[in-house]
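Chemist: 3D model of this:
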Amino acid sequence: MINGEFIYGCPSIELKINKAKIKLLLDTGFNGQIMLPQSLIDEFGLAQIGFSDFTLASGEQKRTNIYKVEIDFFDKIIKTDVLSTNADFSLVGMELFHKCRIVIERCNDLVQINKIST
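Modeler: Residues are numbered from 1 along each chain as shown. Here you go, the predicted structure:
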């Protein structure tokens, strides 16, 4: 189980990315996996593997770079795609949680992610 918390009213979790603990906002509107600030990507020394076009909630079209990272996900190291952003926060999106149950209860200050057995 991954337990999270609310930061400034937003659900967040912590994941180990390239062996560093990173706080990520849980963005249910983001259908990608992970988005990290370009400054953090540069710090990790990640190599770009491509680029992606995406649409913001505002409807604005954007293009960004794609990188590969290793994350510790439910005690298993997996490789996943990461999008870059010029923002100073990190996001985790729904693509990463296909086989998971996500519980977000703001009134109970509860953020929980459980892996579903298949």
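Chemist: who's in contact with the residue nearest to the spatial centre of the chain?
Modeler: Residue closest to the mean C-alpha point of the chain, counted by C-alpha atoms, centre = their mean, is residue 92 at 1.8 Å. If you count contacts by C-beta atoms under 8 Å, 6 or more residues apart in numbering, residue 92 has them with 13, 15, 24-27, 30, 33-34. Every residue, glycine included, has its C-beta placed from N, CA and C.
Chemist: please report how far the residue nearest to it when sequence neighbours are not counted lies from residue 107.
Modeler: Of all residues not flanking residue 92 in the chain, residue 24 sits nearest, at 4.1 Å (C-beta to C-beta, 6 or more residues apart in numbering). From residue 24 across to residue 107, the span is 22 Å (C-beta to C-beta, to the nearest Å).
Chemist: and what of residue 23?
Modeler: Distance from residue 23 to residue 107, by C-beta to C-beta: 22 Å.
Chemist: who's more crowded, the two?
Modeler: residue 23 (14 against 5; other C-beta atoms under 10 Å).
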